[in-house]
Every structure is written in C-alpha cells, then in structure tokens.
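A predicted structure for the sequence below; I have some questions about it.
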Amino acid sequence: MPELPEVETTIEGLKFTLKQKIQKVTIHTKKLRLNIPTNIKNILINSKISNIRRIAKYIIIDLDIKFSLIIHLGMSGRLKLQLARYKKTKHDHFICYLSKNKILIYNDPRKFGFIDIIETGNLLKHKYLINIGIDALSRKLTAKLLFEKIKKSEVPIKQILLDQKIIAGIGNIYASEILFDAKISPLVLGNQLEISLIMQLIKSIRRILNRAIKFGGSSIRDYTSVDGTLGNFQNNFKVYGREGEKIGKHKVIKVIQYGRSTFYCPNLQKI
DNA sequence: CACTCTCCCTGAAAGC
DNA sequence: TGCTTTCAGGGAGAGT
C-alpha cells in the first residue's frame, strides 16, 4: 500500500533524525521478507544518520560509516518516530534508539517489507535495486522514452504501470487513479498507445502523485505517516474503491487484472 | 526472453 | 453476537 507518495511523506517526516546517532538497536523478529542481517546491530551502533532519501518505494538511510540501510514497507509496513516513554506494541519488529531521546520503529503486521544494510557504494547493486526502472517523478521520464519501452508490449497499460522495472513507484491504487485522470482505459495494451496519449499519461502520473504527496500520502487501514498521523489522500480517490458509484451519470466498475483489482469508468476512459 | 500466477503474513471486513 | 471466509495496496520467483 505504501506507494511512492507514502514513502516520500515518510522520509519527509524522518528528516528530523538527520545527524543523530544510533545508540541502541533491538530486533524482535527474524522473518521479514528477507532475514535481517545478523551483523546489523554491530554496524549501526554509534553510526550517525547522514542522509535520508528514497529510490522508488525504497527508503534509504545513509550512515556516516559508508553503509546504508534499505527499508521497504511492503504492504503494511510503516515507520514510527517516537520520543522516550515509548512502549513496544504488536508488530514492532525493529527499533533504533537515537540520540535526543528519539526512537525509530519499524512496524509491519504482514511482514512483507524488509530491512537490509549494504555499503553505500554498492547500493545500486543490491538485488532489489539493480533492475529498478525510472522513478515515476523523475524528469527523465519522457513520453518518448516510455513509448520506446512499451511500443511492442501486449500487456495492458494498468499492468505496465505496476511494473517496477519500467516505471518505479506506482502501486495498485495510484495506477487506477492515474489512468482515470488520463482518461485512458486500463485495458489498453502498451502497443496501442500513441505518443500523444503517453504524454497525457505522464502528465497524470506527475499530477496524481504530486497531489498525493501534498495531501500527506494516502492511508487505507494500515498506513500512517511517520508521526503517526493519517494521510488523507484517500478522500480524493476518484475511482479506487468506488465500484458501483457514479461519476456524473457514469458508473465506476471493478475488474480483476493479473489478480489485482482495477477500478475505472468505461464511459470516461474509452481509449 | 516475456509473460502470468502463486505465495509470503496478519487483520479488517464481509458473509452467514 | 460470534464464527468463518474472503480479501488486501508489494513484489519475487517459479512456471509456462
């Protein structure tokens, strides 16, 4: 669920921890999607947080010791930042005690996320980052580039938007919202999209994701941003989760593509 | 190589 | 009300 906007707002919230020292680390699970490296405590203790950024949906916390933490939130992960007096709650798997009484907590009921650590110089060689596509908000994402990538594809555009090797950062919710905004049917195949439509699509990608960031990301059920407050972009969903509702006089329907739900309005998304 | 499906896990919501 | 079933936003990896 955390898609690019949720990750972006999370790192904004984490900026408070810049330059702080990691004083203690406790781990309360072995199994996230990846095993947490056994030496992670030794590496982290006494290091200082030097930068916080994201690569697509991956949160990168750079340390002053030339190592970087890679955190992925999976479907239900979140980072909480609390002050002292924090009490461990269910699914708090990884806890960093920082200087100035700040505590950074990774909580993930479904354990689909992961935490890993790697030399900063080798970051892009990490097995989950090495094949990552162009960031959805990058200026380098141009209509021409995307056209070249998908002009022979017989995969529906909805699925293409979810393919992190092509464009990185879009998840299932925003894929539906973006296609509605662009007035493009999720069923259209990559090779059926002319460059003018792809231009329109890229505009919608930027518009929808930037708007969501402005609203603090969205939260359904399990996402809260780093200070624990809920984002509220979900109130702005035009089609996602609105099966049967009408936009003007046109109904929103739900279809399943590749095992995932897609919401769209056939009358308003004809191409 | 490109594409499709299943599965990891827990909890919320829907169904009965 | 309470028990059971279904479904979920990510994404790797196996299978075709």
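Thanks, I have it.

tell me how far the residue of the stretch 151-271 of chain A found nearest DNA strand B lies from A:Leu18.
As assessed by CB to the nearest atom of the strand, DNA strand B sits closest to A:Gly259 within the stretch 151-271 of chain A, at 3.9 Å. C-betas here are computed from N, CA, C, even on glycine. From A:Gly259 across to A:Leu18, the span is 40 Å (CB to CB, to the nearest Å).

and A:Lys151, how far from A:Glu119?
38 Å.

same deal with A:Lys125?
From A:Lys125 to A:Glu119 the distance is 9 Å (CB to CB).

looking at these two, which is more packed in?
A side-by-side neighbour count of A:Lys125 and A:Glu119, using other CB atoms under 10 Å, places A:Glu119 first with 13 against 10.

who's more crowded, A:Gly259 and A:Leu18?
Higher neighbour count among A:Gly259 and A:Leu18: A:Leu18, with 12 against 5, using other CB under 10 Å.

the more buried one touches A:Ile49, doesn't it?
Yes. The pair A:Leu18 and A:Ile49 qualifies as a contact (CB atoms under 8 Å) at a distance of 5.8 Å.

what's across from A:Leu98 in the sheet?
The partner list for A:Leu98 in beta bridges (DSSP bridges) reads A:Ile22.

and for the closest residue to DNA strand B within the stretch 1-150 of chain A, the neighbour number?
Per CB to the nearest atom of the strand, A:Arg110 is where the stretch 1-150 of chain A lies closest to DNA strand B, at 3.2 Å. A:Arg110 has 14 neighbours, counted by other CB under 10 Å.
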